[in-house]
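>>> build the 3D model from these lines:
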Amino acid sequence: MDARQEIELLVIGAGVIGMSAAVEAAARGLSVTVIDREGPAAGASAGNAGGFAFPEIDPLASPGKLLAAPRWLFDPLGPLSIPPRHAVHVLPWMLRFARECLPARVRAARRAQGALMLHARRTLEPFMQRAGSLHMLRKRGQIRVYESVRAFEAARQSYESAESEGWRFQWLTSPDEIAGIQPGLSPRFQRGIFTQDWWAISDPRDYVLALAEALRAAGGRIVRAEARAVLPEDGSVAVQTTDGDMRASHVVIAAGIYSNRLTRSIGQDFPLEAERGYNTTLPPGAFDLRCHVTFDEHGFVAAPLSGGIRIGGAVELGGTELPPNFARARAMLRKAQDFMPGLRAEGGTEWMGMRPSLPDTLPVIGRARRSPRVLFAFGHGHLGLTQSSATADIVADLVQGRAPAVDLAPFSPDRFG
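Okay, here's the model as predicted:
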């Protein structure tokens, strides 16, 4: 591309955050180009569980998670794992995570997350309507199931607090009540929490590809190339890429786990860690799954998608270089067979993706220190799909010089020093 041809907005990253930001900006009349080394929906945005988890406002960094972490780490196939080869590298991140578990920090993160979630719910349907993807939205809810009464009561206490902020929950206290919402689960699950406010997409990969088509229809461009450096200049921003230099009035770095490679080129570094998740997608008809089911004590979900049943989740803090350990996916699938009698587990496709996670569970959304024309939008962890429309709205406001609807101080790029 000719470096002299200027773009109003250049988005680096074609996952759900980058594509949503691009579509929203194009809908506001801006000329938009997206650059990604693999193209749309190639990373974590393709293989997630497809949930819009609006009520999940509690940060992962919390005293309960911190206390449970040592027990989980002794199980290499459990809800949380750190491969020995990556342990030294992840230690600084874990120390920051422990600091974020202080009660005052947890309360602050929860308030910030709650505000972003409310904005995400407000903006999602209008955004999807403009993008022509509203037909992909599902409102079947989610049920979390528990074997332990103690775990159920702890979760109930947390969700009762969320209930006071407007989210709706139904407390289930017997296997029969659980079966009334989701038949076919093992009777070992004695308690459950159902929320109608958990929405879903028919398929996350198809959704991001639909956003790509919406951008093209609005006159936007998608370039398959790798961005190497971001160089602020007077009145514009230059981006060095494998397809030549590009120049734009504004640049958004939304490259997920790889965002740090670009932010370092303008002097900012972030404690961004790859939270690797695994899943197996089974063919349609593998189980009569009515809604998302979360096996909370075991750290994985069963998700009904248009292309089948997806069993996956968990957290492996393993960086970007180690090969996948698909034994984790198979361990979750074996548990799912126990928890969902009648599940047909043949013919599945295994997958691993890397969620871009920061130790306080909050994303980075805001302007770069060196240039107000460079914007950051990454680090959403498990909640990229959920918070995508809200992030897109905020980014477009910042590009146009408008005040965002959400206080951005908790999401500031400068909060890590």
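>>> okay, now the unreliable bits of the protein?
For the chain, residues meeting the criterion pLDDT under 70 lie at 1-6, 63-76.
>>> buried ones in the longest helix belonging to it, by neighbour count?
Using DSSP state H, we find that the single longest helix of the chain is helix 103-131. Going by neighbour count (16 or more other Cβ atoms under 10 Å), the buried part of helix 103-131 is 106, 108-110, 112-121, 123-124, 127-128, 130-131. The way it works is simple: take the backbone N, C-alpha and C, and place the C-beta from them, glycine included.
>>> residues contacting residue 386?
Counting by Cβ atoms under 8 Å, 6 or more residues apart in numbering, residue 386 makes contact with 51, 52, 53, 54, 56, 117, 120, 380.
>>> run through the bridge partners of the first one.
When bridges are taken as DSSP bridges, the partners of residue 51 come out as residue 200.
>>> which residues touch it?
Here residue 51 is in contact with 142, 198, 199, 200, 292, 301, 303, 385, 386 (criterion: Cβ under 8 Å, 6+ apart).
>>> in strands, which of the residues you listed appear?
142, 199, 200, 292, 301, 303 (DSSP state E).
>>> from those residues, which is closest to residue 87?
Minimum distance to residue 87 across the ones in strands among the contacts of residue 51 is 26.7 Å, recorded for residue 301 (Cβ to Cβ).
>>> separation between residue 257 and residue 378?
8 Å (Cβ to Cβ, to the nearest Å).
>>> pick out whichever of these two has more residues nearby.
The neighbour count for residue 257 versus residue 378, taken as other Cβ atoms under 10 Å, is higher for residue 378 (30 against 23).
>>> what's opposite the more buried one in the beta bridge?
residue 364.
>>> roughly how far apart are it and residue 338?
Residue 378 is 37 Å from residue 338, by Cβ to Cβ.
>>> can you pull out the helices in this protein?
16-27, 44-47, 63-73, 87-100, 103-131, 149-163, 175-181, 204-217, 259-263, 327-339, 388-399.
>>> so what does the first one touch, helix or strand wise?
Looking back up the chat, that one is helix 16-27. Helices and strands touching helix 16-27, by 3 or more Cβ pairs under 8 Å, 6 or more residues apart in numbering; DSSP states H and E, are strand 6-12, strand 32-36, helix 44-47, helix 103-131, helix 204-217, strand 374-378, helix 388-399.
>>> domain parsing for this structure?
Split into domains by automatic domain parsing, the chain comes to 6-46+205-270+361-411, 54-102+137-198+272-357.
>>> and of the helices of the chain, who's closest to residue 228?
helix 259-263 (8.1 Å).
>>> might you report the residue contacts of residue 130?
Contacts of residue 130 (Cβ under 8 Å, 6+ apart): 23, 27, 214.
>>> and if we set it to 10 Å?
Taking Cβ atoms under 10 Å, 6 or more residues apart in numbering as the criterion, residue 130 is in contact with 23, 24, 26, 27, 28, 214, 218.
>>> and of those, the nearest to residue 282?
residue 214 (29.6 Å).
>>> measure residue 286 to residue 309 for me?
5 Å.
>>> what do those two both touch?
Contacts common to residue 286 and residue 309, judged by Cβ under 10 Å, 6+ apart, are 280, 302, 336, 340, 343, 344, 345, 348.
>>> how much space between residue 177 and residue 193?
Taken as Cβ to Cβ, the span from residue 177 to residue 193 is 11 Å.
>>> cool, residue 30 as well?
Where residue 193 is concerned, residue 30 sits at a distance of 42 Å (Cβ to Cβ).
>>> for residue 316, same thing?
26 Å.
>>> if we can go back for a sec, neighbour count winner among residue 177 and residue 193?
residue 193 (21 against 15).
>>> I'd say that one and residue 167 touch.
No - counting by Cβ atoms under 10 Å, residue 167 is not a contact partner of residue 193; they are 11.0 Å apart.
>>> the residue nearest to residue 125 when sequence neighbours are not counted: how many residues sit nearby?
Excluding the flanking residues, the one nearest residue 125 by Cβ to Cβ, 6 or more residues apart in numbering is residue 134, at 6.6 Å. Neighbour count of residue 134, defined by other Cβ under 10 Å: 13.
>>> buried residues in stretch 278-292?
So for stretch 278-292, counting by 16+ other Cβ under 10 Å, buried means 278, 279, 280, 281, 282, 286, 287, 289, 291, 292.
>>> contacting residues for the second one?
Residue 279 sits next to 47-49, 300-303, 310-314, 328-329, 332-333, 348-353 when contact means Cβ under 10 Å, 6+ apart.
>>> buried ones among those residues?
47-49, 300-303, 310-314, 328-329, 332-333, 348, 350-353.
>>> just the CA trace of stretch 290-303, in CSV.
What follows is stretch 290-303, C-alpha atoms only, in CSV (Å, rounded to 0.1, in the frame of the first residue of the first chain):
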residue,chain,number,x,y,z
ARG,A,290,-30.6,-26.3,25.9
CYS,A,291,-28.3,-23.5,27.2
HIS,A,292,-24.8,-22.9,28.3
VAL,A,293,-23.9,-25.1,31.2
THR,A,294,-20.9,-24.1,33.5
PHE,A,295,-19.4,-26.8,35.7
ASP,A,296,-18.2,-24.1,38.1
GLU,A,297,-16.1,-26.3,40.5
HIS,A,298,-14.3,-27.9,37.5
GLY,A,299,-13.6,-24.8,35.4
PHE,A,300,-15.2,-25.7,32.1
VAL,A,301,-18.4,-25.2,30.1
ALA,A,302,-20.7,-27.0,27.7
ALA,A,303,-21.8,-24.6,25.0
